[in-house]
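Chemist: Dropping a prediction and its sequence here:
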Amino acid sequence: AQTVTQSQPEMSVQEAETVTLSCTYDTSESDYYLFWYKQPPSRQMILVIRQEAYKQQNATENRFSVNFQKAAKSFSLKISDSQLGDAAMYFCAFLNFGNEKLTFGTGTRLTIIP
Amino acid sequence: DAGITQSPRHKVTETGTPVTLRCHQTENHRYMYWYRQDPGHGLRLIHYSYGVKDTDKGEVSDGYSVSRSKTEDFLLTLESATSSQTSVYFCAISGQGNQPQHFGDGTRLSIL
């Protein structure tokens, strides 16, 4: 079974600064997908970014980018120019190709300091 | 936003009563999922469906059953609710199993 570990229960960053959230996972598979989801206080689960394991290029979405290290089984999320609206719980998730079941980490609560 | 509606949004009930949560989608997606979210655990999969009348168990399926008689509706039933099932429940959908899942707004269920 796959496991996803987010070792930082809480993080904080000054507004306009950059922050990196960590995620590691354990799998014996070679084809899979990784995701970061954001959950603001409104409780919605919002997809932030997606990475396919077969792609060497790191995914980016505006101010959000990932550092995908397949050999190290690491998938960190970098948020540049942090904004107050980025305050949320962030969940890393793993999806095995052909398995249809998402496995989530326990989340990192990000606080933005004005 | 993906067309997903969960009902009810909030519910308080007593131990031993049956409870049914509904997830309705307007996207005609094949896959539908039920998760529960608890502090310190993230989201955990309860059951999922890969088509009408096709369902399978997830990580924490004990005490829960599901049904999907139409593409658009996926029901989660707690036959006899227990306090350990107090949680926030999320429904999610995806067009294919390896596509990102899109989530409903969640149902907060309290069992006293």
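Modeler: It's in.

Chemist: Closest to the centroid, which residue in chain A?
Modeler: Nearest residue to the geometric centre of chain A (CA atoms, centre = their mean): residue A:36, 3.4 Å.

Chemist: ok, the closest residue to that one other than its chain neighbours to chain B distance?
Modeler: If the residues on either side of it in the chain are set aside, residue A:36 comes closest to residue A:48, at 4.3 Å by CB to CB, 6 or more residues apart in numbering or on different chains. C-beta coordinates here come from the backbone N, C-alpha and C atoms, glycine included. For residue A:48, the distance to chain B (CB to the nearest CB, to the nearest Å) stands at 10 Å.

Chemist: Residue A:48 and residue A:39 touch, don't they?
Modeler: No. Look at residue A:48 against residue A:39 with CB atoms under 8 Å: they stay out of range, at 10.2 Å.

Chemist: so what sits against both of these two?
Modeler: Taking CB atoms under 8 Å, 6 or more residues apart in numbering or on different chains as the contact rule, the neighbours common to residue A:48 and residue A:39 are residue A:90.

Chemist: re the thing from before, for the residue nearest to the centre of chain A, what is the enclosing helix or strand?
Modeler: Taking DSSP states H and E as the criterion, the element that holds residue A:36 is strand A:32-39.

Chemist: pLDDT averaged over that strand, what's the number?
Modeler: For strand A:32-39, mean pLDDT rounds to 95.

Chemist: what pairs with it, and is each one parallel or antiparallel?
Modeler: Partners of strand A:32-39 in the sheet, by DSSP bridges, are strand A:46-52 (antiparallel), strand A:88-96 (antiparallel).

Chemist: which outside residues touch the first one?
Modeler: Residues lying outside strand A:46-52 but in contact with it, judged by CB under 8 Å, 6+ apart, are A:33-40, A:58-61, A:64-66, A:68, A:75, A:77, A:90, B:100-102.

Chemist: Moving C-terminal from it, which element do we reach first?
Modeler: Tracing the chain past strand A:46-52, the next element assigned as helix or strand by DSSP H and E is strand A:60-61.

Chemist: Around chain A, pick out the residues from chain B.
Modeler: By the rule CB under 8 Å from any CB of the partner chain, the part of chain B lying against chain A is B:31, B:33, B:40-45, B:48, B:50, B:58, B:88, B:90, B:92, B:94, B:97-98, B:100-103, B:105-106.

Chemist: Okay, buried residues for the one helix or strand residue B:109 maps to please.
Modeler: Element membership for residue B:109, per DSSP H and E: strand B:107-111. Counting neighbours by 16 or more other CB atoms under 10 Å in any protein chain shown, one finds that the buried residues in strand B:107-111 are B:107, B:109, B:111.

Chemist: quick check, nearest of those to residue B:83?
Modeler: For residue B:83, the nearest member of the buried residues of strand B:107-111 is residue B:111. The distance, counting by CB to CB, is 5.2 Å.

Chemist: Can you name the residues bridging to the closest one?
Modeler: Those that pair with residue B:111 in a beta bridge, by DSSP bridges, are residue B:13.

Chemist: Now do it against residue B:48, distance only.
Modeler: Shown here: residue B:111 relative to residue B:48, a distance of 23 Å by CB to CB, to the nearest Å.
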